[in-house]
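**Q** Next come a sequence and a model predicted from it.
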Amino acid sequence: MEDRNSRRRKGRKAPACPPISALMRYGERIVRVVAEASGQRVIIESVNEDGRAFRSTVKWASLSALHDQLF
């Protein structure tokens, strides 16, 4: 008999929370993870066109890792 947990693992891999202070890509922007929020969300910090830093809450799945280079 198969238990519930093993059936769940066969589907999509559950996203993992990125580490705090990690640099990640959010769309076209490079952002820094500031804190973990509830509901598989994190608070990120980025800089807008005017040079002002701002924070927003996004889902983990919307973030992607930076690859070999920043820009």
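**A** Structure's in. What do you need?
**Q** now could you export just the CA positions of stretch 53-67 as CSV?
**A** Below are the C-alpha coordinates for stretch 53-67, written out as CSV (Å, rounded to 0.1, in the frame of the first residue of the first chain):
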residue,chain,number,x,y,z
ALA,A,53,15.2,51.1,-3.2
PHE,A,54,11.8,49.5,-2.6
ARG,A,55,10.4,46.3,-1.2
SER,A,56,7.7,44.1,-2.5
THR,A,57,6.3,40.6,-1.9
VAL,A,58,6.5,38.0,-4.6
LYS,A,59,5.9,34.2,-4.9
TRP,A,60,9.0,31.9,-4.7
ALA,A,61,8.1,30.4,-8.1
SER,A,62,8.5,33.9,-9.7
LEU,A,63,12.1,34.1,-8.8
SER,A,64,14.9,32.4,-10.7
ALA,A,65,18.5,31.9,-9.9
LEU,A,66,21.2,34.1,-11.4
HIS,A,67,23.5,32.1,-13.7
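**Q** Give the buried residues for that stretch.
**A** By neighbour count, and taking 16 or more other C-beta atoms under 10 Å as the criterion, the buried residues in stretch 53-67 are Val58, Trp60, Leu63. No exception for glycine: its C-beta is placed from N, CA and C like everyone else's.
**Q** Same question for the longest strand along the chain: list its buried residues.
**A** Across the chain, the longest stretch assigned as strand under DSSP state E is strand 29-37. Neighbour-count burial for strand 29-37 flags Val31, Arg32, Val33 (criterion: 16+ other C-beta under 10 Å).
**Q** Could I get the average pLDDT for that strand?
**A** Per-residue pLDDT over strand 29-37 has a mean of 91.
**Q** right, and the helix or strand after it?
**A** strand 41-47 (DSSP states H and E).
**Q** Sheet partners, orientation included, of that next one?
**A** Partners of strand 41-47 in the sheet, by DSSP bridges, are strand 29-37 (antiparallel), strand 53-59 (antiparallel).
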